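*Asks:* Can you look at this prediction? I've put the sequence above it.
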Amino acid sequence: MNNTEIPTKIKSGASGSSGNSNNNNNSINTTTKKQVPSPNVELLEKLAATSIPIALPPSYKPEAKYEKYVNQLVGKFIMSAAMFSKDFSAPKLKNIVLAQKGLLIKVNEAIQIIDGINKGTIHQELISISGAKSKPRSYYGLNTNLNVGGGIIIVSLEKYILVSLYPSSILPTEAIPYVENYVINTIL
């Protein structure tokens, strides 16, 4: 710390109308010592060189956007949905299924859908999701169990595959446009 002398001017005098006007503007010149702090350069350099880890809240994690996307889709028309990555070079479920709601996806089910989309043969295969088998036609399919009803909608995006199921209480003419409009209008 540096000690520096800072001159200050202190005014003194009586105020009021009865006093002499010459006494009102008296001033005393004094010098006081005031300590002015100087920055610790070594500490600043050390802090600048140290990286500080930043913990992101859950909403900023990359997986959160997929979960939000799927969660917003499930509702009135769609009873369950999942988002897959088209790249399944690491055959672990956590690397393939990015998000799911209301489904219990198995690795072989996810790989079958991804492989069918990548090869262009999905319309020729029976797809099974959570035990319900669907026969896709143009990436839309009806449940083969007519007692259960409902169907499947598979939308292939640039890097991802969106799979959604709709119940028997919803017509395909309601569910399919709903999912297609959702994919078009919702930013991923």
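*Replies:* Noted; the coordinates are in hand.
*Asks:* Quick check on Ser164: phi, psi?
*Replies:* Here is the backbone geometry of Ser164 (degrees, to the nearest 10): phi -140, psi 150.
*Asks:* Excluding residues flanking it in the chain, which one is nearest it?
*Replies:* In space, and not counting its chain neighbours, Ser164 is closest to Ala81: 4.0 Å by Cβ to Cβ, 6 or more residues apart in numbering. Using the backbone N, CA and C atoms, a C-beta is placed for each residue, glycine as well.
*Asks:* which other helices and strands contact the host helix or strand of that neighbour?
*Replies:* With the criterion set as DSSP states H and E, the secondary-structure element containing Ala81 is strand 80-85. Other helices and strands packing on strand 80-85, by 3 or more Cβ pairs under 8 Å, 6 or more residues apart in numbering; DSSP states H and E, are helix 62-73, helix 93-96, strand 97-101, helix 107-119, strand 160-166.
*Asks:* List the strands paired with that strand, with their directions.
*Replies:* Next to strand 80-85 in the sheet, as set by DSSP bridges, lie strand 97-101 (antiparallel), strand 160-166 (antiparallel).
*Asks:* check which helix or strand covers Tyr178.
*Replies:* Assigning secondary structure by DSSP H and E places Tyr178 in helix 172-185.
*Asks:* which of the residues in that helix are buried?
*Replies:* Neighbour counts using 16 or more other Cβ atoms under 10 Å place 175-176, 178-179, 182-183 of helix 172-185 among the buried residues.
*Asks:* I'd like the distance between the nearest residue to Ile161 once chain neighbours are set aside and Ser38.
*Replies:* In this structure, Ile161 finds its nearest non-sequential neighbour in Phe84, 4.3 Å apart by Cβ to Cβ, 6+ apart. For Phe84, the distance to Ser38 (Cβ to Cβ, to the nearest Å) stands at 60 Å.
*Asks:* Out of the two, name the residue with the larger neighbour count.
*Replies:* Neighbours per residue (other Cβ atoms under 10 Å) separate Phe84 from Ser38, with Phe84 holding more: 27 against 8.
*Asks:* Let me see the contact set for the residue nearest to Ile161.
*Replies:* Taking Cβ atoms under 8 Å, 6 or more residues apart in numbering as the definition of contact, the neighbours of Phe84 are 96-98, 110, 113-114, 160-163.
*Asks:* how close does it sit to Gly116?
*Replies:* Taking Cβ to Cβ as the criterion, Phe84 is separated from Gly116 by 11 Å.
*Asks:* same deal with Asn108?
*Replies:* Taking Cβ to Cβ as the criterion, Asn108 is separated from Gly116 by 12 Å.
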